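Chemist: got a sequence here, can you model it:
(2 chains)
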Amino acid sequence: DAGVIQSPRHEVTEMGQEVTLRCKPISGHNSLFWYRQTMMRGLELLIYFNNNVPIDDSGMPEDRFSAKMPNASFSTLKIQPSEPRDSAVYFCASSNRATNEKLFFGSGTQLSVL
Amino acid sequence: AQKVTQAQTEISVVEKEDVTLDCVYETRDTTYYLFWYKQPPSGELVFLIRRNSFDEQNEISGRYSWNFQKSTSSFNFTITASQVVDSAVYFCALSEDPNYGQNFVFGPGTRLSVLP
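Modeler: All right, here's what the predicted structure looks like:
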């Protein structure tokens, strides 16, 4: 079975540009999570969806960040406009109560904002 | 609110030594799940173990063992006879179990370096 698929693996962009990160969860999973990992702050939960509905977006840093889940097999995290302090690894993860409530992580997107 | 503390930021050991990674959690729920994840230098996050709050049995898997103690809100992870390949960042995580979904909170991680 395919795992959680994230794209792109690496993204380099200039300050002010729009960045869109994509995630395809494991088929059948009903929860999807976006995390950001930095050296300073570790792994931070940005937002999570349950059955395509955003449940908690309190971790989204500011209005420049938005996330959508238009269907059960696709989610995006958008940053507009991007800033150098957004540079981090962004992980998407999915889970399902039937799989012992563990998170399956994607390989992450390494974002560099110059 | 839930919280996970991993007081050890970095640990270095020499190969074949035993090492214990500490994890202390806070939650108001009576039903919750505890996890350990490993992040090797390649960057991916690898699931190691899940424990629910009703199962306080310790678990052993090869060189890995976990000690869950509700009385001290701790879920410590021990690697016996460590190997260089164990070098990674290890995260402890907590998930409460609301009816409408799950949310995970990760600790800050402990970076383990196993020296040859």
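Chemist: so which residues on chain A come close to chain B?
Modeler: Residues of chain A found near chain B (CB under 8 Å from any CB of the partner chain) are A:30-31, A:33, A:35, A:42-43, A:45, A:48, A:50-51, A:55-56, A:89, A:91, A:93, A:95, A:97, A:100-105, A:107-108. Every C-beta, even on glycine, is put in place using the N, C-alpha and C of the backbone.
Chemist: which is the succeeding secondary structure element to whichever strand or helix holds residue A:89?
Modeler: Of the helices and strands defined by DSSP states H and E, residue A:89 is found in strand A:88-95. On the C-terminal side of strand A:88-95, the nearest following helix or strand under DSSP H and E is strand A:104-105.
Chemist: what pLDDT, on average, does the helix or strand immediately after that following strand in the chain get?
Modeler: Per DSSP H and E, the first helix or strand lying C-terminal to strand A:104-105 is strand A:109-113. For strand A:109-113, mean pLDDT is 97.
Chemist: how about strand A:109-113, which residues are buried there?
Modeler: Residues of strand A:109-113 classed as buried: A:109, A:110, A:111, A:113 (neighbour count, 16 or more other CB atoms under 10 Å in any protein chain shown).
Chemist: hmm, back to that, so what strands line up beside the strand holding residue A:89?
Modeler: Under the criterion DSSP bridges, strand A:88-95 sits next to strand A:31-38 (antiparallel), strand A:104-105 (antiparallel), strand A:109-113 (antiparallel) in its sheet.
Chemist: and the residue of chain A that's closest to chain B?
Modeler: Residue nearest to chain B within chain A: residue A:50 (3.2 Å; CB to the nearest CB).
Chemist: please identify which of the strands paired with strand A:88-95 is closest to residue B:12.
Modeler: Smallest distance to residue B:12 across the strands paired with strand A:88-95 (CB to CB): 22.1 Å, for strand A:31-38.
Chemist: tell me which residues of that closest one are tucked away?
Modeler: Here strand A:31-38 shows A:31, A:32, A:33, A:34, A:35, A:36, A:37 as buried, counting by 16+ other CB under 10 Å.
Chemist: between these, which sits nearest residue A:10?
Modeler: The nearest member of the buried residues of strand A:31-38 to residue A:10, counting by CB to CB, is residue A:37 at 14.4 Å.
Chemist: sorry, back to before: which among the residues of chain A next to chain B end up buried?
Modeler: By 16+ other CB under 10 Å, the residues of chain A next to chain B give A:30-31, A:33, A:35, A:42-43, A:45, A:48, A:50, A:55-56, A:89, A:91, A:93, A:95, A:101-105, A:107-108 as buried.
Chemist: show me what from chain B comes close to chain A.
Modeler: B:33, B:35, B:37, B:43-45, B:47, B:50, B:91, B:93, B:95, B:97, B:100-109.
Chemist: from those, list just the buried residues.
Modeler: Buried among these (16+ other CB under 10 Å): B:33, B:35, B:37, B:45, B:50, B:91, B:93, B:95, B:97, B:101-109.
Chemist: among those residues, name the ones in helices.
Modeler: Using DSSP state H, no member of these falls in helices.
Chemist: rewinding a little: ok, of the buried residues of strand A:31-38, which one's closest to residue B:57?
Modeler: Comparing the buried residues of strand A:31-38 against residue B:57 with CB to CB places residue A:31 closest, at 26.7 Å.
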